[in-house]
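Give the three-dimensional model of this entry:
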Amino acid sequence: MAKGNQRKVDEQPMFFSAFNYRLIGIAIVLIVSGFTAMYVENEVDGFISLYISPIVILTGFVVVIFAIMKHDRDEPNEIDKEAS
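Okay, the predicted model is just below:
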C-alpha cells in the first residue's frame, strides 16, 4: 500500500534556471533597498530621494527584465526533445 501512495515525478523541466532565480532575488533586493533609502531620507528635495534611489530602483527593474529574458543556450530546446 505504501508504494501506491508515492508521488509521480513531474516530467517538465523548470522554467528558469538557478541563475535566473538568483538574478530575480538580487533585483528584488535592489528595488526594496531603493524604496527604503527613499523612505529613510524623508525629504522631497534630498539628493538620495531625487538621484540615487530612482537609479537603484530602475536598475532593479532592468535586472528583473534581463533575468526573465535570459535563456540558457546549453539546455536542449523542447522542440529538439520532441524530435528525438
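
Show me the helices in the protein, by range?
18-41, 47, 53-69, 78-83 (DSSP state H).

for those helices, which one sits closest to residue 12?
Nearest of the helices of the chain to residue 12, taken as CB to CB: helix 78-83 at 9.1 Å. Just so you know, the C-beta spots here come from the backbone N, C-alpha and C atoms, and that holds for glycine as well.

rewinding a little: I'd like the helices of the chain written out as TSV, with mean pLDDT and distance to residue 12 added.
Rendered in TSV, the data for those read as follows (pLDDT from 0 to 100; distance: least, CB to CB, whole Å):
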stretch	mean pLDDT	distance to residue 12
helix 18-41	95	16
helix 47	93	49
helix 53-69	96	18
helix 78-83	55	9
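
TSV for these, including mean neighbour count?
Output for the helices of the chain, formatted as TSV (neighbours: other CB atoms under 10 Å):
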stretch	mean neighbour count
helix 18-41	15
helix 47	10
helix 53-69	15
helix 78-83	8
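
mind listing what the most centrally placed residue in the chain touches?
For the chain, the residue nearest the mean C-alpha position is residue 24 (1.8 Å; CA atoms, centre = their mean). When the contact criterion is CB atoms under 8 Å, 6 or more residues apart in numbering, the partners of residue 24 are 16, 63-64, 67-68.

hmm, 10 Å instead?
By CB atoms under 10 Å, 6 or more residues apart in numbering, residue 24 lies in contact with 16, 60, 63-64, 66-68.

Specify which member of those is nearest to residue 52.
Proximity to residue 52 was ranked across these by CB to CB; first place goes to residue 60, at 12.8 Å.
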